[in-house]
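**Student:** just need the structure, nothing else, for what follows:
(chains A, B and C)
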Amino acid sequence: MAKSQDEFLTKDLNQNLLIIEEKMFHTEDLKQRKVIFHNKAIILLYLDTIIDKESIEIHIIDSLNKQENERIEESISTKQFTTLTTYKDISYSLAQGNTILFMEDCNFVYSIVTLTDEKRAINESLNEKVTLGAHDSFVENASTNISMLRKRVRTPEFKVEYKHYGALTNAEIAICYIESKVEKDIIHSIKNRLDQIKEPELIQSRQLQEVLEDYPFSPFPQTLRTERPDRTANNLLKGSVVIFLEHEPSALVTPVSFYAFLRSPEDVNSRWFINLFYFTLRMLAFILSVTLPAFYIAVNAFHSAILPVSTFYTLKLSVMNVPFHPLIEAVIMQIVLELLKEASVRLPSAVAQTIGTVGAIVIGSAIVQTNFISNTMVVVIAITAVSSFVIPIGEMSTSIRLMSFPLIFLAAIFGFIGIVFGLMVYLTHLVKLTSSGKAYVDSPKILQSIVKSKPKKREG
Amino acid sequence: MKTCLKLITILSVFPLLTGCWDQKLILNSEVINGISFDLKDNKIKSTIVVLQIIPKGSGYFDFNNQLSSATGDSLDDTFSELRMYHRGPLSASKSRIILFGESFAKKNLNSYLDLFYRNPDPYLGSKVAIVKGLEASKIFSFKEIGTDPIAFGLYEIIDAAEENSTIPEGNLNTLFSLFNEAGKDFILPVLEQKGDGILVSGAGLISQNAYSGKMIQLNNCSLLLLLMDNYEKKVDLLTYLSEEKKLNNQVSYRITKAKRKINIQKDAFHKPVVNLKLDLEVGLKQYPKTSNITPKQLKKLQTTISNDLTKRSNHIMKTTQKANSDVLGIGQRIKETDPGTWQSLDWKETYPSIKINTHVNVKIVKTGIIK
Amino acid sequence: MLTNKNLFFLIIQAQIGIGILGLPYILYNDVHQDSWISFLIAGILAQGVIIVLVALSKVSPKNTLYELNLKLLGNFFGKTLNFMYILYFIAVSMLLILLVTDVINTWILHQTPRWAIILLLLLASSYIAKEHLLTISKTFLFFSILFIVLIFLLILVYSKADLTVGRLLPIGASGFLPILKASPDAFVSLIGFEFILFIMPFLKEPNKSLKVISLANIFTVSLYLFLIITCIIYFSSAQFSLVQQPLLYLFRGLSFEFVERIDIIFLSFWLVPISTTLVIQLFNASLGVQNLFSIQRKTSVYLIAFLLFGIGLFPVSPSLKESLSSLMTYLNIIFVFFIPILLLIISKIRVKKI
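**Tutor:** All right, here's what the predicted structure looks like:
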């Protein structure tokens, strides 16, 4: 049988069916229906699990049974169809959810699109919430997602390109961009990069991210993965390319700047000074969550001279009887925090609240009362955590929180000087990064963007 | 891949280091809050006060002043003994107050205090004061002032005195620039014990970096600051309406505007003659009678106050000349404006003998909220 | 391609570094309250040198100095001069490292061994220096926020401390000649603009480079002037001649409600502008090594850093350090001032011959 891989169909219907069944490895959800059309036996072959049964009944079987038309093409003309001639094509077509129509004495078949359209309803975004603004979010269906974008950007320049990657999973990728906004080089390089996908099992966005990013080993994400259509549309209009992977409820936006990770669609949607305030707040949150634990350790272990005298004694009081070095305290506390966060994410939402209470009240206060961790360290780590949660994109938020660890070690060895050199390296790294060839961090143009968004004085 | 390797090298290098050479955990550090120096039998006696906090659970605490003294031939000699009394490395990075006994203050302070300026550790914001009438270390045996531990309390009362324009703002750092400043001396607050309390009792005149032993009494301190043109927002002064009747016969006033003019001329022998003019605008705070003050009375009051202040400021200047303490910086002014004369003068010899004419002119602009 | 903005920040970061900590002290010991006049003269001198340097680099704007040397002096002499330039930059970096470790050891980390500090410094600096010039200039732009912090802190000094403006008087008391004689010291601290010789080919608008560098120079000179004047009116004469790092001492005396010792934080962060100077020296040297030995620039940065680390391990006595710094003053003037002038003259003669 192996040699008949690329063999063409024969005119023998039964043999064809047998070979196809062989090709599909006798999977048990492969079903057939028999219809007689103008005295010819017609076999419909499909995978029961992914086709839309209703559509087969209404659009294929009904119209065939009516026998109004002479030709089969005309009978099934309400559906998209193609003709196939090889066993291999047929088996792949079946796997994609098409129905194959065999005819007696015919060495070709019709492949009719009957993929089920089942999908989750459009819900509110879980990870990127806003109080003011659109509440829809992407679902696990690329065409629905693209429709959400199209509804926002109604222009013929909105262009979609489909590509299939992954020899095994045969995943569909949609590349969307606005023809007049996007730079030709960028779209070219993105396509080139996508062509480099070698893995046969393409199933997750991360795999796309890996080939799209210029520095995949950097701790900072260089492609924005978002589930908000409004954020995506904003970036689309700024000239970014949006990539959807079928069955992933998120869009990959590239090129994207670092600042885009610090912005929520809500900010852009607000008046200019609220916009500015939130931008500053998020920048502060970014700086705090990276440096605060390190700063505390440096002060605690090296530079207590800089503290005002009252704070000095408060701090001294809180670390009395704590057996650990502040470095170990910080690491323990960070780990406890990550544990709590993970636990509350994994548990069903009703139980998660209990974890919140247990974490905050029981562990938080008990850990201090038992003198494992000092009061101030709990405060410091809590502020760090809260600051990192302010960053709207979860991917960035986590990497920022983890970026504080190297600084913690440097601070424990060299004090402030260690922090400063660490920050120098971080900043250089950030500036070095590019996202699809565009600078990741540029000199902040926030002021310009706000001046632009300021309402212009009305003429006359 | 390359960046990853680099990150790994950067991260792996540091834990390899044996690390933390300069670590000085807040937990182990013993910080000095107050230091006092006395001179006893030609040896320095240093006393330090270290605040020990006693945790009482959930944020409450009690405190205890740990006092220790040592004698030696130099400051660090005493400190090397003092270190032996304490549980951790001693640090002066949180010292609030430095007290000098009268005998110690009469030495050249600059050379004695070198330790504080040569090392980066000590805190230069600590207040400095001279203790009169008792050994400086005895002050620390008070446990607290108000609710503040003694060292903090002393800092606060000197700070308050500065705000009331009793003494000029100063700390260890300003002292460093005042030491050796050519043609300028300075004053330090003087602390005294009265009954069970400690108070700032005046301004000690420093001459050539050493306490001259003479001081300006409390009632004249603010006037001195006005003459020095170095006062804070709040300056209050008192004047007797007559020499004879003293009980409830004082007028008090707050300075709202002050303008000082110094004019330095030379007399026939090329000696400087200083004309000091002080124009004050004041608002009345207290008057012996709660009744209308007529314009005539007001005018009379103005001349009374002017005459009184002129007399008193002349007296103050005489005192500074007797102490050979050029607190107004007249020498510095000559140095800046007339370097030739400055070169020819030996200011140390000259200052006590120059003529200083002061004139105070007072104008009452407010009489309070009643007329 | 570097824009004018990038060039501006590259030059100011090259100019401002460790010198700012100690310069007022050096100048004050020479000419007292007239330091600022000396400095102004040095600034004008620097402006003259900038004109010469830009003229030299415009002889052949598509080449760096290393390539130009080969063109002008022929293969042998050109290569010798290039090698000397590389040695010069390594020497400058070495002295810089010595001074930095010294300051850190006296002010903040008293017990930390020198090698650890040098290692940290070189790791961070070579991490930046190996990048493209554009990346370097962009990072410098972010680092320049520290200058704003410095200016802000200096202004705070005016509100917090008791300043005597009279200390600036009498003006010009030291006499013209001593003031002039002190200006080479000041000139050395302004050095950094020689960088233009090596980055001309990377500029977007080489024609505007003179204007941009002059602006950078004006910024640096005014920042220094502001600092020197602040120091003069803050410190008394006797005190000023004692404090080796007047800028740090200035901040040591300041204390705020929320932070008592601003000098520790300031010095820690000031290591950034200091390392940028090191980055630029590393860049210059590595460019030369790349040119001379045809090694990749990235690799040559690491090689030079490794070499510097090796030299840094040798113990240096304070007297040796002192003599090294005075030697460097002369070397600086030779390599930044005399040799470029010579090269410019040679190039003019050559052009005429042709």
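**Student:** contact distance from chain C - what residues of the stretch 101-250 of chain B qualify?
**Tutor:** Taking CB under 8 Å from any CB of the partner chain as the criterion, the neighbours of chain C within the stretch 101-250 of chain B are B:117, B:120, B:123-125, B:169, B:173-174, B:176-182, B:230. C-betas here are computed from N, CA, C, even on glycine.
**Student:** report pLDDT for residue 291.
**Tutor:** By default, I'm working from chain A. Looking at residue A:291, its pLDDT stands at 94.
**Student:** please go with chain C instead
**Tutor:** According to the per-residue confidence, residue C:291 scores 88 in pLDDT.
**Student:** contact partners for it?
**Tutor:** When the contact criterion is CB atoms under 8 Å, 6 or more residues apart in numbering or on different chains, the partners of residue C:291 are C:64, C:66-67, C:82.
**Student:** pull the most distant pair out of the residues of the stretch 101-250 of chain B next to chain C.
**Tutor:** Longest distance between any two of these is 28.8 Å, between B:120 and B:230; criterion CB to CB.
**Student:** is stretch C:277-286 anywhere near chain B?
**Tutor:** No - contact between stretch C:277-286 and chain B, assessed by CB under 8 Å from any CB, is absent, since the two come no nearer than 15.9 Å.
**Student:** in helices, which of the contacts of residue C:291 appear?
**Tutor:** Cross-referencing the contacts of residue C:291 against helices under DSSP state H gives C:66-67, C:82.
**Student:** what's the neighbour count on residue C:351?
**Tutor:** Other residues near residue C:351 come to 9 when the count uses other CB atoms under 10 Å in any protein chain shown.
**Student:** so what's it closest to, chain neighbours aside?
**Tutor:** Using CB to CB, 6 or more residues apart in numbering or on different chains and skipping the chain neighbours, the partner closest in space to residue C:351 is residue C:59 (8.0 Å).
**Student:** again with residue B:185
**Tutor:** What sits nearest to residue B:185 in space, not counting adjacent residues and going by CB to CB, 6+ apart, is residue B:325, at 4.3 Å.
**Student:** contacting residues for the nearest residue to residue A:132 once chain neighbours are set aside?
**Tutor:** In space, not counting the residues next to it along the chain, residue A:132 is nearest to residue A:266; the distance is 5.5 Å by CB to CB, 6+ apart. Counting by CB under 8 Å, 6+ apart, residue A:266 makes contact with A:130-133, A:278.
**Student:** please repeat the previous calculation with a cut-off of 7 Å.
**Tutor:** The neighbours of residue A:266, taking CB atoms under 7 Å, 6 or more residues apart in numbering or on different chains as the test, are A:130-133.
**Student:** how deep is residue 297 tucked in, by neighbour count?
**Tutor:** Picking chain A for this. If you count neighbours by other CB under 10 Å, residue A:297 ends up with 26.
**Student:** switch to chain C, please.
**Tutor:** Here the number of neighbours of residue C:297 (other CB under 10 Å) works out to 17.
**Student:** repeat for residue B:27
**Tutor:** Residues within reach of residue B:27, counting by other CB under 10 Å, total 19.
**Student:** ok, it touching residue A:319?
**Tutor:** Yes - the criterion here is CB atoms under 7 Å, and residue B:27 meets it with residue A:319 at 5.0 Å.
**Student:** phi, psi of residue C:265?
**Tutor:** Backbone torsions for residue C:265, taken as degrees, to the nearest 10, come to phi -60, psi -40.
**Student:** for residue 127, what are its contacts?
**Tutor:** Using chain A here. For residue A:127, the contacting residues are A:227, A:394, taking CB under 7 Å, 6+ apart as the criterion.
**Student:** should've been chain C
**Tutor:** For residue C:127, the contacting residues are A:425, A:428, taking CB under 7 Å, 6+ apart as the criterion.
**Student:** quick one: secondary structure of it?
**Tutor:** In three-state terms, and counting by DSSP: H, G, I helix; E, B strand; the rest coil, residue C:127 is helix.
**Student:** ditto for residue B:365
**Tutor:** Here residue B:365 is strand, with the state taken from three-state DSSP.
**Student:** cross-check the contact I'm expecting between it and residue B:253.
**Tutor:** No - applying CB under 7 Å, one finds residue B:365 not in contact with residue B:253, separated by 10.1 Å.
**Student:** now for these two: what residues contact both?
**Tutor:** Any residue near both residue B:365 and residue B:253 by CB under 7 Å, 6+ apart counts here, and that gives B:282-283.
**Student:** and the two? Which one has more around it.
**Tutor:** Per other CB under 10 Å, whichever of residue B:365 and residue B:253 has more neighbours is residue B:253, with 25 against 12.
**Student:** helices of chain B, residue ranges please.
**Tutor:** With DSSP H as the criterion, chain B has helices at B:2-16, B:75-82, B:102-105, B:109-112, B:114-118, B:136-139, B:150-163, B:172-178, B:218-228, B:295-322, B:330-337, B:339-344, B:347-350.
**Student:** before we move on, back to that, how about JSON lines for the contacts of residue C:291, with distance to residue C:233, neighbour count and pLDDT added?
**Tutor:** Putting these into JSON lines (distance: CB to CB, whole Å; neighbours: other CB atoms under 10 Å in any protein chain shown; pLDDT from 0 to 100) gives the following:
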{"residue": "C:64", "distance to residue C:233": "44", "neighbour count": "21", "pLDDT": "88"}
{"residue": "C:66", "distance to residue C:233": "45", "neighbour count": "23", "pLDDT": "89"}
{"residue": "C:67", "distance to residue C:233": "48", "neighbour count": "17", "pLDDT": "88"}
{"residue": "C:82", "distance to residue C:233": "46", "neighbour count": "23", "pLDDT": "92"}
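**Student:** out of those, flag the one nearest to residue C:290.
**Tutor:** Of all those, the one sitting nearest residue C:290 is residue C:66; the distance, using CB to CB, is 8.6 Å.
**Student:** so what's the closest residue to chain C within chain A up against?
**Tutor:** Sorted by distance to chain C under CB to the nearest CB, the residues of chain A start with residue A:416, at 3.6 Å. Contact criterion CB under 7 Å, 6+ apart gives A:298, A:303, C:264-265, C:268 as the residues in contact with residue A:416.
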